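Asks: got a predicted structure plus its sequence, pasted below:
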Amino acid sequence: MRRALALAFLLFACLPAWAQQAAAIPALTSPVVDTTGTLGAAQTQQLEQQALALQQSKGSQLQVLLVPSTQPETIEQYTQRVFDQWKLGRKGVDDAVMLVVAKDDRRVRIQPGYGLEGAIPDAIANRVIQEYLVPKFRAGDYGGGIVDATAQLVKLIEGEPLPPPVSDNRVRESDGSPDWMFALFAAFIVATIVRGMFGKAPKGLRSLFTGGAAGSVAWLLSSLIPLAGVAGLIGLIYGLTSASSGRFARHGGWGGFG
């Protein structure tokens, strides 16, 4: 019941984003779909041949998608929607992996199907992003980064471990803190959205909605009652302040992954 209530707050807070038209999903015409015109013909051909060779040898599907932006959705939401619409992977096996690059958003995501989660868990996917994609993307070499990253994904599917880290963009070992930190961050974002929606409401009512939304989201994402209490209290106080009419700066930086 409590999670349902938290989810309701979250859905209510995200209504303004959903009211916008979702980014279009292009037609699946090739193992490499580039709607940005970033990749050269030789790179596209190399990636297509690599994907087809993997499918012939292992049956697994490797898909690359480049789009300008996934807004108003997050890259995680958009990737899942594309994955489902394209019906990637073999039925009953779900052995596809998709690399999505939102070029203008400066966001990238690697999403494996259930059948490949053992070969490409989150930590490994994040390493591929940080060590093979990020350095070359920052240098403007998008094609080179995608070629290097997909080569590593193919090796992982074939059962080979990743080599030692190749750059300073290393993923730190998790100490458990990212979970509650993410929950607190998400609670703040939702609180800000709710505060803006009720910007013209009386302070007390605005504070109540803001605190309730922040606490519920923190509870939903962390299941920690103390954290939900802290987030709710911060939200209550935050809701008493006047809401700004300005927009948030777009989150930048390559390597975002969820």
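Replies: Received it, and whenever you're ready, just let me know what you need. Residues are numbered from 1 along each chain as shown.

Asks: the stretch 1-150 of the chain: helices as residue ranges?
Replies: 2-13, 15-19, 41-58, 75-86, 122-128, 134-138, 142-157 (DSSP state H, counting those that start in this stretch).

Asks: tell me which of those helices sits most buried.
Replies: helix 142-157 (a mean of 21; mean count of other C-beta atoms under 10 Å). Quick note: C-beta positions are derived from backbone N, CA and C, even for glycine.

Asks: CA atoms only: put stretch 37-53 into PDB for me.
Replies: Taking Å, rounded to 0.1, in the frame of the first residue of the first chain, the C-alpha atoms of stretch 37-53 are listed here in PDB:
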ATOM      1  CA  GLY A  37      24.200  11.200 -39.200                       C
ATOM      2  CA  THR A  38      27.200  10.800 -36.900                       C
ATOM      3  CA  LEU A  39      28.600   7.500 -38.100                       C
ATOM      4  CA  GLY A  40      30.500   7.200 -41.400                       C
ATOM      5  CA  ALA A  41      29.700   4.600 -43.900                       C
ATOM      6  CA  ALA A  42      32.800   2.500 -43.100                       C
ATOM      7  CA  GLN A  43      32.000   2.600 -39.400                       C
ATOM      8  CA  THR A  44      28.400   1.700 -39.900                       C
ATOM      9  CA  GLN A  45      29.300  -1.300 -42.100                       C
ATOM     10  CA  GLN A  46      31.900  -2.500 -39.500                       C
ATOM     11  CA  LEU A  47      29.300  -2.400 -36.800                       C
ATOM     12  CA  GLU A  48      26.700  -4.100 -38.900                       C
ATOM     13  CA  GLN A  49      29.100  -6.900 -39.800                       C
ATOM     14  CA  GLN A  50      30.100  -7.300 -36.200                       C
ATOM     15  CA  ALA A  51      26.400  -7.600 -35.100                       C
ATOM     16  CA  LEU A  52      25.500 -10.100 -37.900                       C
ATOM     17  CA  ALA A  53      28.600 -12.200 -37.100                       C
END
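
Asks: got TSV for the helices of the stretch 1-150 of the chain, with distance to K103 too?
Replies: Shown next, in TSV, are the helices of the stretch 1-150 of the chain (distance: least, C-beta to C-beta, whole Å):
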stretch	distance to K103
helix 2-13	28
helix 15-19	20
helix 41-58	15
helix 75-86	11
helix 122-128	18
helix 134-138	9
helix 142-157	7
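
Asks: of the ones you listed, which is nearest V217?
Replies: When the helices of the stretch 1-150 of the chain are compared by C-beta to C-beta, helix 2-13 sits nearest V217, at 5.5 Å.

Asks: which of the helices of the stretch 1-150 of the chain sits closest to A191?
Replies: That would be helix 2-13 among those, by C-beta to C-beta, at 8.3 Å.

Asks: can you point out the buried residues in the host helix or strand of F185?
Replies: Secondary structure from DSSP states H and E places F185 in helix 177-197. Within helix 177-197, the residues that count as buried by 16 or more other C-beta atoms under 10 Å are 180, 183-184, 186-188, 190-197.

Asks: kind regards, and thank you for your time.
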